[in-house]
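Trainee: All I have is the shape, not the residue letters:
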């Protein structure tokens, strides 16, 4: 089905929700998005993260603040996420500034995680050098003992980020590489839609 400009919702968040809902059951990991950040020198890096927060003004994920992506967001607080649904031949690009979520928001999400994932958050100094796998597993065992008699608290170096979009692009595959591209751009308090060449 063609992607027509006048058939796209005036709100890119509503349009995202529609495409995301249509992909239910058609993807192994529907929440997976590629997150791209850049260093202060402009060197980009990308990795997959899980989309764990969506509302009518932001998209969010959780991670170690001391990881490479955390350090890059500290230096340059802007990012892009890419959601791709091969089954439907669609992708959505979302770009904008990023900020940390509040401690309360991060605490609330951390409390929903499995205990093993909570212990892993404490044990893994993400992006730092490990001598071997045994070192990581020993750290997990140590934290398991430390928190054996109660809940595992959220480590201070772990929490959420939210991206506040300034640009969306909805892309849909068409024959002969004549793909449909609908771009939303912030225009004051409104979103402006335009069709762009593939």
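Mentor: In hand now; what should we look at? None of these values were measured; they are calculated from a predicted model.
Trainee: So which elements touch the strand or helix carrying residue 80?
Mentor: Applying DSSP states H and E as the criterion places residue 80 in strand 78-85. Counting by 3 or more CB pairs under 8 Å, 6 or more residues apart in numbering; DSSP states H and E, the packing neighbours recorded for strand 78-85 are helix 12-22, strand 32-38, strand 90-100, strand 158-163. For glycine as for every other residue, the C-beta is placed from the backbone atoms N, C-alpha and C.
Trainee: ok, and what's touching it?
Mentor: 16, 19-20, 23, 26-27, 30, 32-38, 49, 51, 59, 73, 90-98, 161, 163 (CB atoms under 8 Å, 6 or more residues apart in numbering).
Trainee: Quick one: buried ones out of those residues?
Mentor: 16, 19-20, 23, 27, 30, 33, 35-38, 49, 51, 59, 73, 90-96, 98, 161, 163 (16 or more other CB atoms under 10 Å).
Trainee: Which elements pack onto the longest helix seen in the chain?
Mentor: Ranked by residue count under DSSP state H, the longest helix found in the chain is helix 133-146. If you count contacts as 3+ CB pairs under 8 Å, 6+ apart, helix 133-146 packs onto helix 115-123.
Trainee: and the angle for the helix it packs on with helix 133-146?
Mentor: 110 degrees (axes from the mean of the first three to the mean of the last three CA atoms, to 10 degrees).
Trainee: Identify each buried residue in helix 115-123, please.
Mentor: So, applying 16+ other CB under 10 Å, buried residues of helix 115-123: 118, 119, 120, 121, 122, 123.
Trainee: Now do it against strand 158-163: the angle between them, please.
Mentor: 90 degrees.
Trainee: what's next to helix 115-123, contact-wise?
Mentor: By CB under 8 Å, 6+ apart, helix 115-123 touches 64, 110, 113, 136, 139-140, 142-144, 147, 152, 154-155, 158.
Trainee: the residue most distant from the middle of the chain, which is it?
Mentor: residue 149 (33.1 Å; CA atoms, centre = their mean).
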